Structures are given as C-alpha cells and as structure tokens.
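K.L.:
Could you look at this predicted model? Sequence included:
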Amino acid sequence: MAVTEPAPVAPPTVHEGILRRQALRESAARTYARSLPIVPVRARGMTIEGADGRRYLDCLSGAGTLALGHNHPVVLEAIRKVIDSGAPLHVLDLATPVKDAFTTELFATLPRELADDARIQFCGPAGTDAVEAAFKLARAASGRSELLAFTGAYHGMTAGALAASGGATDVRVTRLPFPSTYRCPFGAGGERGADLAARWTEYLLDDPKGGLPAPAAMILEPVQGEGGVNPAPDGWMRRMREITRERSIALIADEVQTGVGRTGTFWAVEHSGIVPDVMVLSKAIGGSLPLAVIVYRSELDLWQPGAHAGTFRGNQLAMAAGAATLAYVRENRLAERAGTLGARMLARLQALSTEHPSIGDVRGRGLMIGIELVDPEAEPIGLTAENGSAPPPDPALAAAVQQECLRRGLIVELGGRHSAVVRLLPPLTLTDEQATAVVDRLADALRAAERSPYRRDAVGPTTR
C-alpha cells in the first residue's frame, strides 16, 4: 500500500465514545491503549485506519506478531480455506492435516541440526505459556530446578516467565549480565564487555563457594526486545552455547519476537550459528492469530503425558495462517530483505543522531530497531566503550516523541529499562517508500518534541 498522509479527521462521536467506554470498562492494567488512543476499524499491510478517519503507518505490528502486516492476502486465504472446508476448529492436541502442514513448514525453517532431531510441543496461545513449558521440560529432563536468565530480559507475564525477566527477585532464578556496548555493566562495552560478561558467567557457575546450585537451563533472547532492543553479540552467543553444553545446562532461545525473519535471518540464533536445545516460538508463527510452541532436542523429551497441556493448543486457524506466513517469508526471502532494509534504516537513524544530542544510541538487527533517547544536559551515568560515559535516559522525551509520531500518522512503541527507547517493528513487507516515510516522520516528531515542553511521566511496560 502506498504511503499516504493522514486522512482528514472525521466527526469524533464514534471514536471518542468507544475510547470513553473502554476507559470505563477495561482494567487499569491495559497498556497500549493508554499511549495509543486510536480505534482501528480497517487495516491492510502497514496501514491502519481509525474510526476517526485518520490513517497510520503501523511500526508496532502487534508487538512483532504481524510479519506480513495486517490482513495479508495469503493469510486471509489460508483462514478461509479452513473455514470453508468444514474442518473442526477445536481439536485439543489431535492430529489434523492442518497441524501436519504447519509442523512440516515450521521444521523446514529450523536450523538443520535441530530440525533433524526435534520434537514439538503445542502450548497455550501465548508466548509466556511456551516459556513455562520450556522451563518444565528442562527441569523434568535434568532433575534440577534453578534457572539462569539475564538482566534486561523479558519472557512473559505468568509467574515463572516473570521470574526469569528483568526486575524479578525469585531466588530460583540467577541473574547474569547481558552485554551492552552503550550501557555496559562493566564499563567496557564492545568485545571486551561481552568477554567480561561471559567470564563472570563461567566464574559463577564453577565457583564451589558461589552459592549457585547446578541449574536446569539458561534462557536468553538473541535480541532483547522489551529490554530496549539490545542485540546479543554473536561471539558471546557462541560462548553461552559452549558454557551450557560443557556443563549439561539446557540452552533455551526465546525467539518469540525475534523469529520468522525479523532480524535478517529466519531465526535470530542463525546470526551466531548456534543451535540451542530449546526454541520458544510464538507471535509471528501464528500469522496474526494466537499460537505458541516449543521445539527441542528429542533427548529432552522425558516428561509424562499431560505434563504440559492447554485447552487452546490446537488452534487450527492459527496453524493454517502460520503455515502460510512461514512459507511466504521463506519463499520470498523476506528475512534477507529485512536485513537489507533494516541496515538502511539504521544508517539513516544513526546519521540523524549527529544532529540530535538527545539520541544516545541507535541499535538493532534487521527490522527490529531501537533509538534510546537521553538528556544530554544531565550528569552522565554509566560507562560506554565509545566515549567513556552516557547521559541518563529521558523517558519523558520518548513519551513525547511517541505522541508526536501519532500526530503524524506513525505508530511506534517504547521499551527499555526506563521506557526511553523508541522501538520500530514494521512488517517484513515494508516497502522502500514506507521505510523512508517512517524515518522522516520519526525525525519530524523528534524535532517537535525537543522544541516543546514535554510531560514528565513515561509510559509503562508492554505485554506478551
């Protein structure tokens, strides 16, 4: 769909009435609706039209769920075929032709070493349930209960998944440093910072007085999403694979947001060449509908029937939409396209940072991009590899930029430890014209936010 300017605003009655009733009826836990007060009524590709008649370029994509954008024809056709066929829509975990087709297509995309000896468990419809399943699997296979996770992580909203996410205090989870060049926990950044993070992990695991029981699993994100779009260095990923293999610790790769071509390879672990023991998959694998699975090495398949179940693990429509999406991304080489176009967008945004001291860092991989906004006039905090220090994050400016983007017909998300990272997750079907429009509108929104007094309350976290 061609890029268009926001449509003229229609009479506000319907739009405002729906928003008012939502505020009255829905819980205080709602998130996106607070910072994005729109009422979508139609959508195609990257474009959403609201009830007020305005049109928006969607760089949220259902938090990464919409790999092909809204209502892609191949997805709609796959759903219609199942509905028109008279096939059952709810079958628990029974075998069906639709499930078989989905599993076959999914296995065709997996790292070959894993696909050749993999098992799949269909979980409840959300990624957080698949994370829970991965933990159960590793604990059942190892007989151990402790977990290793990383600072800045996000793995879901259920109790176990939250325990492995940043900010949790569950004693069954040991937090390890995630490498970062811009805000390195060791003040080194780059390869040196990643090496120190790996060394600390090895030291802690091997220290007989470290107080850490032998863990069942390590879970990591190849690119931390909600944590602020922090790509894991490839060398560090390989070190984590070596460390876990040598100590018989299951390595779990959370590819809920990074999978299906998002980062420039079909699965983000392919950048480093590692093969994890377990992969957690959701979001885009359902072609916009709820679906979550884990795939894992067959030697871990030691749990008993019913060890992990869920009423809605047999979502036939999601499997059909997911198979169509996986095939389309693979056949049209959209992962490679995401890598090329994402690099182009990163370059433009990095050039923009030379004009705006409030852009502290631009980072990402493929079409998973983050811009960390800072207060350049405040006292620096932390250390970086580039210049020795970094200004503090500016969540209020980030929130103002998000609102200015919305006024210009661009939907963006915020993330990071202080919600000071503007996140871009456009669909993989993004055109060159749309990519240019996204960066142009974001640049204009940043200039407007910097010129105007902005509110001092940052928007909170997102959901899975």
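P.N.:
Everything's here; your move. Numbers count the residues shown, from 1 in each chain.

K.L.:
residues near I120, how many?
P.N.:
17 (other Cβ atoms under 10 Å). Where you see a C-beta, it was placed from the backbone N, CA and C, and this is true even at glycine.

K.L.:
neighbouring contacts of the helix or strand hosting it?
P.N.:
Using DSSP states H and E, I120 sits in strand 118-122. Residues from elsewhere that reach strand 118-122, judged by Cβ atoms under 8 Å, 6 or more residues apart in numbering: 93, 99, 103, 106-107, 110, 133, 137, 292-298, 300-301, 308, 310, 313-314.

K.L.:
Same check on stretch 232-246?
P.N.:
With contact meaning Cβ under 8 Å, 6+ apart, stretch 232-246 is reached by 178-179, 191, 194-195, 197-198, 201-202, 205, 218, 220-224, 249-251, 269, 271-277.

K.L.:
pLDDT on it, on average?
P.N.:
Stretch 232-246 shows an average pLDDT of 97 in the prediction.

K.L.:
which residues of the chain score low on pLDDT?
P.N.:
Residues of the chain that meet the criterion pLDDT under 70 lie in 1-12, 157, 159-171, 382-388, 454-464.

K.L.:
Show me the helices in it, by range?
P.N.:
Secondary structure of the chain (DSSP state H): helices located at 13-25, 32-35, 61-64, 73-85, 97-109, 112-115, 127-142, 159-163, 190-206, 234-246, 316-331, 334-353, 395-407, 432-451.

K.L.:
Would you reformat these as CSV and include mean neighbour count and distance to G261?
P.N.:
Below are the helices of the chain laid out as CSV (neighbours: other Cβ atoms under 10 Å; distance: least, Cβ to Cβ, whole Å):
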stretch, mean neighbour count, distance to G261
helix 13-25, 12, 33
helix 32-35, 15, 23
helix 61-64, 22, 11
helix 73-85, 15, 14
helix 97-109, 18, 9
helix 112-115, 14, 17
helix 127-142, 25, 17
helix 159-163, 19, 24
helix 190-206, 17, 25
helix 234-246, 18, 18
helix 316-331, 23, 5
helix 334-353, 18, 3
helix 395-407, 22, 24
helix 432-451, 18, 16
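
K.L.:
Out of these, the one nearest G366 is which?
P.N.:
Closest to G366 of the helices of the chain is helix 334-353 (Cβ to Cβ; 4.1 Å).

K.L.:
Check the offset of the closest one from the chain's centre.
P.N.:
How far helix 334-353 lies from its chain's middle: 17 Å, per Cα atoms, centre = their mean, to the nearest Å.

K.L.:
For ChimeraX, write a command that selects the buried ones of the contacts of strand 118-122.
P.N.:
To isolate the buried ones among these in ChimeraX, judged by 16 or more other Cβ atoms under 10 Å, type:
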select :99,103,106,110,133,137,292,293,294,295,296,297,300,308,310,313,314
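
K.L.:
can I get the helices of the chain in JSON lines with distance to D52?
P.N.:
Listed next are those as JSON lines, based on distance: least, Cβ to Cβ, whole Å:
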{"stretch": "helix 13-25", "distance to D52": "4"}
{"stretch": "helix 32-35", "distance to D52": "15"}
{"stretch": "helix 61-64", "distance to D52": "21"}
{"stretch": "helix 73-85", "distance to D52": "25"}
{"stretch": "helix 97-109", "distance to D52": "38"}
{"stretch": "helix 112-115", "distance to D52": "47"}
{"stretch": "helix 127-142", "distance to D52": "32"}
{"stretch": "helix 159-163", "distance to D52": "36"}
{"stretch": "helix 190-206", "distance to D52": "47"}
{"stretch": "helix 234-246", "distance to D52": "45"}
{"stretch": "helix 316-331", "distance to D52": "29"}
{"stretch": "helix 334-353", "distance to D52": "29"}
{"stretch": "helix 395-407", "distance to D52": "12"}
{"stretch": "helix 432-451", "distance to D52": "18"}
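
K.L.:
do you know which of the ones you listed lies nearest V41?
P.N.:
helix 13-25 (9.0 Å).

K.L.:
which residues sit against that closest one?
P.N.:
By Cβ under 8 Å, 6+ apart, the list of residues contacting helix 13-25 reads R30, A33, P37, V39, G50, A51, D52.

K.L.:
Could you rerun that using 7 Å?
P.N.:
Taking contacts as Cβ atoms under 7 Å, 6 or more residues apart in numbering, the residues outside helix 13-25 that touch it are A33, P37, V39, G50, A51, D52.
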